[in-house]
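Visitor: Just the structure for this:
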Amino acid sequence: MGRQITEEFIDMHLSSSIDNYDSSNSKFVDTNSGSSATPMKVVTVLASDTIEHAVRLLILNNIHSLPVLHPQSQQCLGFIDTGDILSLVVNSIPQFMDEKKFPTVGGGSKKKKREYTVDSRAFGNNIHMEELDDILGHLDMFGRSISKEKVGVLIDASGTDPLFPTTLSTPVVRVLDLFSRGILRVPILASQDALAITQIFSASQMVKYLLQKIHLVPKLAGTEILELKNFDKELVVTTVIKDSVVQALKKLYNNSVHALAIVDTNDRLCGNFSQMDVKGLYTDTIPSLIDPLSSYLARSSPMSLSPVSCDRRTTFSTVVASLVTHKVSQVWVVDDGEKPIGSFSITDACRAVCSFKE
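Guide: Coordinates of the predicted model:
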């Protein structure tokens, strides 16, 4: 086996530290070629703000997470991300939904207070309109309750987005190593003591930069992903397109995964449900918990019904290009029958660069 390529590929072409940051252009500059990777815009939230406010910021800026600042000192306390919000929703779901105890009564109801489309088969019971109205009333109160929760209590509640402060002198190789271990973003601080954020650098931005430079390592670029990851041992968590949103949320949380492969009745990939989709559930939309995934995603995230996929013989450079082009955090890997057998994520891409040997 040859030497690892990390030092040559990263240190030489991205430079060995983040101190080449160009504040006038808000970019990390490659001193050798002039190319760059743009850090994420810093959108923050206060620990005293409400969850509803945080969710609206996530939606407005189309981002996964927010740095949480102390209301007085403005120091960074950590991150709140879609995984943290998912943990709040799942752990706060009303008991009657958790147990799926929907009473069945005979006859129909002529009283129709509100119009909703609900696939009651997701719960295995027939729900009449009076019961449905009661359920939706509970969900409405549930949504208003969790939306008023304070951001501070949710900092890294999911345990998947810990705070790893970096400064302008932090070696980029160290940041890449963090990304390869599952960390998705790091705050760049003015200093370790001040804890004032100047920028955020994400794993997706790193992968975008790696794509620009992958031609420098043609052997890695042309390596099939089956050589970089063992898909035979990967557990793929799936959900059926007819499942309810609440069922999918629980699968996400209980299996500690960022996304579920949505499959049809023949187990073929037909959609993607991720932690990002939890952003569509707040206050007035909380009743969507009882909707089937098909209608919920068609309304809130139509692109999720056209998942990005590849097969295990796809090359590394092609998969990385898909991650960047489609702006997704993972590409589903399917077999010849279009059944999901795994995924290749931005974490996998960073891990591949760190571990690949020529």
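Visitor: low-confidence ranges in the stretch 101-250 of the chain?
Guide: 101-145, 160, 191-195 (pLDDT under 70).
Visitor: Can you show me the helices along it?
Guide: Ranges of helices in the stretch 101-250 of the chain, per DSSP state H, counting those that start in this stretch, are 129-147, 172-180, 203-213, 218-221, 245-254.
Visitor: could you say which helix or strand contains residue 299?
Guide: For residue 299, the element it lies in under DSSP states H and E is helix 293-300.
Visitor: pLDDT averaged over that helix, what's the number?
Guide: Here helix 293-300 scores 88 as its mean pLDDT.
Visitor: what's the angle from it to helix 245-254?
Guide: Between helix 293-300 and helix 245-254, the angle comes out at 90 degrees (axes from the mean of the first three to the mean of the last three CA atoms, to 10 degrees).
Visitor: Can you name the next helix or strand after helix 293-300?
Guide: Of the helices and strands lying after helix 293-300 in sequence (DSSP H and E), the nearest is strand 309-310.
Visitor: What helices and strands are in contact with that following strand?
Guide: Counting contacts by 3 or more CB pairs under 8 Å, 6 or more residues apart in numbering; DSSP states H and E, strand 309-310 is packed against helix 316-325, strand 330-334. Backbone N, C-alpha and C define where each C-beta goes, glycine included.
Visitor: which residues touch that strand?
Guide: The contact list for strand 309-310 (CB atoms under 8 Å, 6 or more residues apart in numbering) reads 225, 269, 318, 319, 322, 331, 332, 333, 334, 338, 340, 344.
Visitor: Can you flag the buried ones in those?
Guide: Buried residues within the contacts of strand 309-310, counting neighbours by 16 or more other CB atoms under 10 Å: 225, 269, 319, 322, 331, 332, 333, 334, 338, 340, 344.
Visitor: Can you convert the residues you listed into a markdown table and add a column each for distance to residue 239?
Guide: Shown next, in a markdown table, are these (distance: CB to CB, whole Å):
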| residue | distance to residue 239 |
| --- | --- |
| 225 | 24 |
| 269 | 11 |
| 319 | 23 |
| 322 | 22 |
| 331 | 18 |
| 332 | 13 |
| 333 | 17 |
| 334 | 16 |
| 338 | 16 |
| 340 | 11 |
| 344 | 20 |
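Visitor: quick one: which of those residues is nearest to residue 233?
Guide: The closest of those to residue 233 turns out to be residue 333 (CB to CB; 12.9 Å).
Visitor: who's in contact with the nearest residue to residue 63 once chain neighbours are set aside?
Guide: Counting by CB to CB, 6 or more residues apart in numbering, residue 43 is the residue found nearest to residue 63 once chain neighbours are left out, at 6.5 Å. Residues near residue 43 by CB under 8 Å, 6+ apart: 57, 61, 63, 66.
Visitor: Residue 43 is in what secondary structure piece?
Guide: Using DSSP H and E, residue 43 sits in no helix or strand.
Visitor: how close does the residue nearest to residue 267 when sequence neighbours are not counted get to residue 307?
Guide: Leaving aside its sequence neighbours, residue 267 sits nearest to residue 339 (CB to CB, 6+ apart; 5.1 Å). Relative to residue 307, residue 339 is positioned 13 Å away (CB to CB, to the nearest Å).
Visitor: shared neighbours of the two, which are they?
Guide: Common neighbours of residue 339 and residue 307 (CB under 8 Å, 6+ apart) are residue 269.
Visitor: what about these two, which has more around it?
Guide: residue 307 (22 against 15; other CB atoms under 10 Å).
Visitor: on that earlier part again, and of the contacts of strand 309-310, the nearest to residue 148?
Guide: residue 332 (36.4 Å).
Visitor: wait, doesn't that closest one sit right on residue 271?
Guide: No: contact criterion CB atoms under 8 Å: residue 332 and residue 271 do not qualify, at 9.8 Å.
Visitor: Identify the contacts common to the two.
Guide: In contact with both residue 332 and residue 271: 261, 307, using CB under 8 Å, 6+ apart.
Visitor: quick one on the thing from earlier: so which of the contacts of residue 43 comes closest to residue 47?
Guide: Of all these, residue 66 has the smallest distance to residue 47: 10.9 Å, by CB to CB.
Visitor: residues in contact with the closest one?
Guide: Residue 66 neighbours (CB under 8 Å, 6+ apart): 43, 44, 45, 54, 57, 58, 79, 80, 81, 151.
Visitor: That'll do, ta.
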